[in-house]
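*Asks:* coords please:
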Amino acid sequence: MFWLVASTVVAAFMTVTMIFVRLRVAKKPASVKKIILPPLFMSTGALMFIFPEFQIQWFQVLEAVCVGIICSIFLIKTSKFEIRDEDIYLIPSKSFVFILFGLLIFRICMKLLIGSTISVGETSGMFFLLAFGMIVTWRLSMLYKYLQLEKTLKVANS
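*Replies:* Here you go, the predicted model:
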């Protein structure tokens, strides 16, 4: 029970932190580096799978990644860019906060449901993959949108 509560508190803290980071980032121009780096930093978490208690079956990997991709649709829909002063900015979305909290509630419900049938380690591994699948899909979509706008900006400046 302790791990369930602790992981939920950490997830809530990360959600609130993400909201503040997203609001602050909207004040500065976006870049390819700022879009790509978060998933790369997060990928180090995959080292958890070295330890047997976090290892899961391939079906669970596929299941977690697919749910993450589906969840990313909400983030993709709220991530838009605009050109301002010859730079590309991420437009802050009012619904982003609600989507993040909705995803948090979804994760908590899923954790309660799944956590009763598999171990804490396996649950952690699955939710890492869910989050990683979500952020990679979301960031690839952002990168595509950013590069399209960058191309438009270069053509306009030529």
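*Asks:* mind listing what His28 touches?
*Replies:* Wrong residue type there; residue 28 is Lys, not His. By Cβ atoms under 8 Å, 6 or more residues apart in numbering, the contact list for Lys28 reads Tyr89. Any C-beta I mention is one placed from the backbone N, CA and C, and that applies to glycine too.
*Asks:* what helix or strand is Cys71 on?
*Replies:* Remark: Cys71 resides in helix 58-78, with elements defined by DSSP states H and E.
*Asks:* all helices for the protein, in order.
*Replies:* 2-25, 32-42, 58-78, 95-115, 120-157 (DSSP state H).
*Asks:* Could you tell me which other helices and strands the helix or strand of the chain with the lowest mean pLDDT packs against?
*Replies:* Every helix and strand in the chain was compared by mean pLDDT, DSSP states H and E; the lowest is helix 2-25, with a mean of 78. Helices and strands touching helix 2-25, by 3 or more Cβ pairs under 8 Å, 6 or more residues apart in numbering; DSSP states H and E, are helix 95-115, helix 120-157.
*Asks:* re earlier: which parts of the helix holding Cys71 are buried?
*Replies:* Of the residues in helix 58-78, 60-61, 63-65, 67-69, 71-72, 74-76, 78 count as buried by neighbour count, 16 or more other Cβ atoms under 10 Å.
*Asks:* Now render those residues as CSV, adding distance to Ser124.
*Replies:* Output for the buried residues of helix 58-78, formatted as CSV (distance: Cβ to Cβ, whole Å):
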residue, distance to Ser124
Gln60, 12
Val61, 13
Glu63, 15
Ala64, 11
Val65, 15
Val67, 15
Gly68, 14
Ile69, 19
Cys71, 17
Ser72, 20
Phe74, 23
Leu75, 22
Ile76, 25
Thr78, 27
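*Asks:* which of the residues you listed lies closest to Leu149?
*Replies:* Within the buried residues of helix 58-78, the smallest distance to Leu149 is 15.2 Å, found for Ile76 (Cβ to Cβ).
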